[in-house]
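# Below: sequence and its predicted model.
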Amino acid sequence: MLNPIRLASENFLSSLDTSCEEFHHILEIAKNFKNKDLNIKFKEKVLGLIFDKSSTRTRVSFQVAMSRLGGTTVDLNPTTSQIGRGEPIRDTARVLSRYCDVLAIRTFKQTDLEEYAKWSSKPVINALTDLEHPCQALADFMTIKEEFFDFKDVVLTFIGDGNNVANSLILCGALLGVEVRIACPKGYEPNSLLIDKAYEIYENKNLLKITNDPNTAVLGANVLYTDVWSSMGEENQKDEKEKVFNGFTIDSDLVSKADKDAIILHCLPAYRSKEITDEIFESHKSRIFDQAENRLHAQQSRFPMDCLK
């Protein structure tokens, strides 16, 4: 039976808080959880959730993950706590880390997340910020590994807005040496600083491609991935983005240019006929609901187990 190892960083604020070796180990732990080959119990341990943004998969997968591990979850709604009334993060973090054993935080600014981690005496996990979504990326690469067994020669193409999901895919691709292509309209590319970080990590710089042409980005790709065009907090940009993103829909034409055995991923929620057609979403190539299920197993595997046992 595979046993969890002590990770170099107790916090998981960024995909770069794991090494390549740790990333592979986490995926193996997640596989063991999924196959029910691993039995770990966190007796009397408490997960605190602080979600400034709405959530379905992230919130529920964290709650179920902690429950299956024998712990409990406290859901701290900012609208019904002092967090929503402007209590400083440093005060909230110091209090909650005396009540809880680990905190999972979904918020807007990456700097706010880092502030929580600075003042918390317990591990902090990034449950999504505007900059990164590392827990989602863990589930994504777990799903890819299930399909292709390893990452050798895998080409991952993301089509759409260069958002937090795209940023995390780039960083994880760099850690794992996976070819990642990002196709976005001009002006909607991923974060330039994170792109630079990824290039520093990639041994082969040609494995990361940022383009404004989805048709060339999908050529021979093994994985086609998309996300909503307007992230949470960008609802006022919806109409404008639908015009700008015309031609960036994953449809049968784009899929036909990918590898014949290519799979389709989407982190959900999906807006059919926008970023993906219903035909492709529901096709035999879709691994979208396997990907969604893997959020649970990935969440279980990324808890700092040496701290919680």
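That came through fine. Values in this document were obtained by computation on a predicted structure and should not be read as measured data.

# Run a quick check on residue 281 versus residue 270, I expect a contact.
Yes: between residue 281 and residue 270 there is a contact under Cβ atoms under 8 Å: 6.0 Å. C-betas here are computed from N, CA, C, even on glycine.

# what sits in contact with each of these two?
Listed as contacting both residue 281 and residue 270 by Cβ atoms under 8 Å, 6 or more residues apart in numbering are residue 288.

# Comparing the two, which shows the higher neighbour count?
The residue with more neighbours, out of residue 281 and residue 270, is residue 281; 19 against 16, by other Cβ atoms under 10 Å.

# average pLDDT across stretch 101-121?
If you average the pLDDT over stretch 101-121, you get 97.

# list the buried ones in it?
Along stretch 101-121, these residues count as buried under the neighbour rule (16 or more other Cβ atoms under 10 Å): 101-107, 110, 112-117, 119-120.

# Likewise for stretch 196-206?
197-198, 201-202.

# Put the alpha carbons of that stretch into CSV.
Extracted C-alpha coordinates of stretch 196-206, given in CSV (Å, rounded to 0.1, in the frame of the first residue of the first chain):
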residue,chain,number,x,y,z
ASP,A,196,7.6,33.4,-17.4
LYS,A,197,7.7,31.1,-14.3
ALA,A,198,6.6,28.2,-16.4
TYR,A,199,9.3,28.8,-19.1
GLU,A,200,11.9,28.9,-16.3
ILE,A,201,10.8,25.4,-15.2
TYR,A,202,10.3,23.7,-18.6
GLU,A,203,13.5,21.9,-19.8
ASN,A,204,12.1,22.1,-23.3
LYS,A,205,10.8,25.7,-23.8
ASN,A,206,8.9,24.6,-27.0
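
# contacts for that stretch?
With contact meaning Cβ under 8 Å, 6+ apart, stretch 196-206 is reached by 16, 170-171, 173-175, 177, 208.

# Just to check, residue 20 is in contact with residue 175?
Yes: counting by Cβ under 8 Å, residue 175 is a contact partner of residue 20 at 4.9 Å.

# Between those two, tell me which one has more neighbours.
Neighbour count, other Cβ under 10 Å: between residue 20 and residue 175, residue 175 has more, with 22 against 13.

# So what's the predicted local confidence for the more buried one?
pLDDT for residue 175: 97.

# Give me the phi and psi angles of the nearest residue in space to residue 5 that is not next to it in sequence.
Once flanking residues are discounted, residue 5 sits nearest to residue 25: 5.8 Å by Cβ to Cβ, 6 or more residues apart in numbering. Main-chain dihedrals, residue 25, degrees, to the nearest 10: phi -70, psi -40.

# In the stretch 151-300 of the chain, mark out all the helices, start to finish.
Under the criterion DSSP state H, counting those that start in this stretch, helices of the stretch 151-300 of the chain are mapped to 164-176, 192-201, 214-217, 238-244, 252-256, 278-281, 288-302.

# which of these sits most buried?
Stretch with highest mean neighbour count among the helices of the stretch 151-300 of the chain: helix 164-176 (a mean of 26; mean count of other Cβ atoms under 10 Å).

# Point out the other helices and strands that that one packs with.
helix 20-34, helix 134-148, strand 155-159, strand 179-183, helix 192-201, strand 208-211 (3 or more Cβ pairs under 8 Å, 6 or more residues apart in numbering; DSSP states H and E).

# Specify the angle between that helix and helix 20-34 in degrees.
Using axes from the mean of the first three to the mean of the last three Cα atoms, to 10 degrees, the interaxial angle of helix 164-176 with respect to helix 20-34 works out to 110 degrees.

# The residue nearest the centre of the chain and residue 41, how far apart?
Nearest to the geometric centre of the chain sits residue 136, at 2.0 Å (Cα atoms, centre = their mean). To residue 41, residue 136 is 26 Å away according to Cβ to Cβ, to the nearest Å.
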